[in-house]
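# pasting the sequence and the predicted model now:
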Amino acid sequence: MANIVENKPEELAIDNETLQSRINNWLMEEGLLVSKRDDPAADFHLVATHTNLSMNVDVIKLKNKPFIAIATGNLIPPEIKKSYSTIKEDERVRFTAGIQRELLKFGVEQRIDPNLIEPNLVELSDIVYVEDMTRTSFMNSVRRIKHATLFFMWSFGQKFMPGKSALQSPSGYG
């Protein structure tokens, strides 16, 4: 009978410096620009920029957490908010709630701040558990966030400012 060796969690652990380096390399190999952000709540916080889209994706390993958070936060430009505010409140809620339902298909978490009637900021996020993370699982999560962000912002832009980009990164997100 063959001996079965059981891997203990501490044997599979990866230090934060190695993890950060690995993630940094994966992002750069995909053509993203990567910078570090000081974040006292995190073991590391990277900002990956899709230069052709002017979109930032935050990659955060919070202290004492077993996962990597991947997130975007995008302000809705004033011109789009102004156009959006001209339609009836029930139509605004219906439009934004419809977009939220479609975002469920991307498999990411979402938050619209402050609410569906007067949206100012959309935050989209996903997590990847370190113990299960591969390059493929990590980059798939980054792509889901990217695609969900583009869908949200293009939906607003197409309806309320045809032909104008609706994508702006606020100062808190990259």
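Thanks, I have the structure now. Numbering: from 1, shown residues only.
# what's around residue 53, how many residues?
13 (other CB atoms under 10 Å). Placement of C-beta: from N, CA and C, glycine included.
# buried stuff in the longest helix seen in the chain?
If you go by DSSP state H, the chain has its longest helix at helix 135-160. Under the neighbour-count criterion of 16 or more other CB atoms under 10 Å, helix 135-160 has 138-139, 141-142, 144-146, 148-153, 155-157, 160 buried.
# swap in stretch 66-83?
67, 68, 69, 70, 71, 72, 73, 74, 75, 76, 77, 80.
# so the third one sits in a helix?
No: assigned with DSSP: H, G, I helix; E, B strand; the rest coil, residue 69 falls outside any helix and is strand.
# for it, give the beta-bridge partners.
Residue 69 has these beta-bridge partners by DSSP bridges: residue 60, residue 127.
# shaky segments in the protein?
The chain contains residues with pLDDT under 70 at 1-12, 162-174.
# how about the strands in it?
Along the chain, counting by DSSP state E, strands occupy 33-36, 42-50, 55-62, 67-75, 109-113, 121-129.
# export the fifth one as CSV, just CAs?
In CSV, the C-alpha atoms belonging to strand 109-113 read as follows (Å, rounded to 0.1, in the frame of the first residue of the first chain):
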residue,chain,number,x,y,z
GLU,A,109,-20.0,42.0,-5.8
GLN,A,110,-21.5,45.4,-6.4
ARG,A,111,-22.3,48.6,-4.5
ILE,A,112,-23.8,51.7,-5.9
ASP,A,113,-23.3,54.8,-3.7
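# run through the neighbouring helices and strands of it.
Judged by 3 or more CB pairs under 8 Å, 6 or more residues apart in numbering; DSSP states H and E, strand 109-113 is in contact with helix 89-103, strand 121-129.
# make it 6 Å
Judged by 3 or more CB pairs under 6 Å, 6 or more residues apart in numbering; DSSP states H and E, strand 109-113 is in contact with strand 121-129.
# need the contact partners of the strand it packs on.
66-75, 108-113, 137-138, 141, 144-145, 148-149, 152 (CB atoms under 6 Å, 6 or more residues apart in numbering).
# and the nearest residue to residue 149 once chain neighbours are set aside, what does it touch?
Leaving aside its chain neighbours, residue 149 sits nearest to residue 72 (4.7 Å; criterion: CB to CB, 6 or more residues apart in numbering). By CB under 6 Å, 6+ apart, residue 72 lies in contact with 57, 124, 145, 149.
# dump these into a markdown table; add distance to residue 95 as well.
Output for these, formatted as a markdown table (distance: CB to CB, whole Å):
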| residue | distance to residue 95 |
| --- | --- |
| 57 | 26 |
| 124 | 18 |
| 145 | 22 |
| 149 | 18 |
